[in-house]
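Enquirer: Quick one: sequence and predicted model below, then my questions.
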Amino acid sequence: MQRDRIGKFAGKAGRTTRLALADRTGVATLEFALVGSLFFIFIFGVIEVGRGLWTMNALNYAVQQAARCASVNSTACGTQANVRTFAIGVSGALVQNTVFSLNPSPVPSWAPTCSTTNNNMVTASYSMPLYIPFVSMRPTLTAASCFPK
């Protein structure tokens, strides 16, 4: 009698397990949840790399133009504040004006070697926040340019 109950239960459990394994509803949802999250993280990463490259290009252009302005037009770009204002206006990037500096002392190790007595050097160092889910990094973007006085 006890064996019959166990046999019936085992038969029902086996049948239920087979039916559950044969049921394919919801598989696409599960696959999308697993693959879609990785896909969206990858897409956000590609967008952030593009934003980083654009910001780097904007910093390089801004320091080149600011160094040139400091050398050519000393009335408009003769002071630190004027160079910073000019560089922000030229760059188009959303960075603080404290990112840029004219003739820094001491010269950063990553900057090109040029004498600040004969040249105007403008440097920029920006710690860029990344907006990638589950990734907390702040790469530092640097740019420097020298222009003869």
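Expert: Sure thing, it's come through.
Enquirer: how about the strands in this structure?
Expert: Secondary structure of the chain by DSSP state E: the strands cover 100-102, 119-127, 140-148.
Enquirer: In this structure, which residue is most central in space?
Expert: What sits nearest the mean C-alpha location of the chain, by Cα atoms, centre = their mean, is residue 130, with 3.8 Å.
Enquirer: For it, give me its contacts.
Expert: For residue 130, the contacting residues are 48, 52, 136, 137, 138, 139, by Cβ atoms under 8 Å, 6 or more residues apart in numbering. The way it works is simple: take the backbone N, C-alpha and C, and place the C-beta from them, glycine included.
Enquirer: Now flag whichever of those is closest to residue 25.
Expert: Nearest to residue 25 out of these is residue 48 (Cβ to Cβ; 36.7 Å).
Enquirer: Is there a quick PyMOL command that grabs whichever of the contacts of residue 130 are buried?
Expert: A single PyMOL command selects the buried members of these (16 or more other Cβ atoms under 10 Å):
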select buried, resi 48
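Enquirer: quick one: which two of the contacts of residue 130 are the most distant?
Expert: Top of the distance list for the contacts of residue 130 (Cβ to Cβ): 52 and 136, 15.1 Å.
Enquirer: returning to what we had before: got the strands of the chain as TSV, with mean neighbour count, distance to residue 85 and mean pLDDT columns?
Expert: Formatted as TSV, the strands of the chain follow (neighbours: other Cβ atoms under 10 Å; distance: least, Cβ to Cβ, whole Å; pLDDT from 0 to 100):
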stretch	mean neighbour count	distance to residue 85	mean pLDDT
strand 100-102	23	9	90
strand 119-127	22	12	90
strand 140-148	19	17	91
